[in-house]
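> model the structure of this input:
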Amino acid sequence: MFKIKQNVPLAQAAAPSGNEQTNPYLSARREWNERYGSYISQTRNWQLIAIFALGVAGAAVGGLAWVGAQSKITPYVVEVDKLGDSVAVGVAGKAAIPDTRIIRAQLASWITNTRSVYFDAAAQNKAVNDAYALIGNNSPAFRTLADFHTTFQPFERAKTESVSISVESVLPITPDSYRIEWREEIRERDGRLVSNANWQAQVGISIVPPTEEAHALINPMGIIINAISWSQRI
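Below you'll find the predicted structure:
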């Protein structure tokens, strides 16, 4: 004999078993998932979108700050003649080698500031500062000048005497070295002449354009003295 299989209605087959219908925990979990599961999923998606948006905004702000820090203005220096006509134009950011006449004038001023002794303390302080403004840090010239000022302290000497400098010549030896000759006159505070001697020095220089405004005001051409050797002429 053959058993006839009866078709079970679909609704009846899909219905949960008696255990699932009577289990309150399973029913509560099913109801909780149906009510709040979609809310949690949506909240998580919005959080991910918000984090991504914050990252994009941070990158954009950082990019704008970097672009804003870049210089967009190119300054030019225009040289004019006596009639006001331009004779030379150059980019200010590109430092050119100073003219020899400018270097000679700077070195003459430097030797005056270095060797002079003034009764006026303010003038003496300015001379010392201007002298060191042209000296390379940690260079042989710095040590030479520091030893000179330690041995012959200008502020102590100013209590009894003054020293005046008359530069006679500043001549180039090589593009990076110059010879300076000057007369050095020492007088007591009452004006009596103590000595009058001729001196000479050889200095080695380099051109280092200033990067700070304070340095540019004192040494605009960036002439740096790296080595000094001086002696009295007989």
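
> any idea how far Ala60 is from Ala50?
In this structure, Ala60 and Ala50 are separated by 16 Å, where distance is defined by C-beta to C-beta, to the nearest Å. Placement of C-beta: from N, CA and C, glycine included.

> and if you look at Trp230?
The separation that Trp230 has from Ala50, given C-beta to C-beta, amounts to 72 Å.

> in this protein, which spans are helices?
Read by DSSP state H, the chain holds these helices, from start to end of the chain: 10-14, 18-22, 24-69, 100-115, 121-133, 140-151, 154-157, 213-218.

> mind checking how far Ala146 is from Gln124?
For Ala146, the distance to Gln124 (C-beta to C-beta) stands at 16 Å.

> give me the pLDDT value at Gly37.
Predicted confidence (pLDDT) for Gly37: 62.

> what bridges to the spatially closest residue to Arg115 that is not a sequence neighbour?
Leaving aside its sequence neighbours, Arg115 sits nearest to Ile165 (C-beta to C-beta, 6 or more residues apart in numbering; 5.1 Å). Here Ile165 sits in beta bridges with Glu184, going by DSSP bridges.

> so who does Ile165 touch?
Residues near Ile165 by C-beta atoms under 8 Å, 6 or more residues apart in numbering: 111-112, 115-116, 182-185.

> Gln202 pairs with what?
Arg179, Ser229.

> what's around it, how many residues?
14 (other C-beta atoms under 10 Å).

> so who does it touch?
Gln202 makes contacts with 173, 177-180, 227-230, as judged by C-beta under 8 Å, 6+ apart.

> could the residues you listed go into CSV alongside neighbour count and distance to Trp199?
Listed next are these as CSV, based on neighbours: other C-beta atoms under 10 Å; distance: C-beta to C-beta, whole Å:
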residue, neighbour count, distance to Trp199
Ile173, 11, 17
Ser177, 14, 17
Tyr178, 23, 14
Arg179, 14, 11
Ile180, 21, 8
Ala227, 16, 17
Ile228, 22, 12
Ser229, 13, 12
Trp230, 16, 6
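
> count of neighbours near Gly191?
Applying the criterion other C-beta under 10 Å, we find 7 residues in the vicinity of Gly191.

> returning to what we had before: tell me which of Ala146 and Gln124 has more neighbours.
Summary of the neighbour comparison: Ala146 and Gln124, criterion other C-beta under 10 Å, with Gln124 having more neighbours (19 against 12).

> ok so, going back, most neighbours of all the contacts of Ile165, which one?
Among these, Ile111 has more neighbours than the rest - 24 neighbours, counting by other C-beta under 10 Å.

> pLDDT at that residue, what is it?
For Ile111, the model assigns a pLDDT of 96.

> the one 5 residues further on now?
At Ser116 the predicted local confidence, pLDDT, stands at 96.
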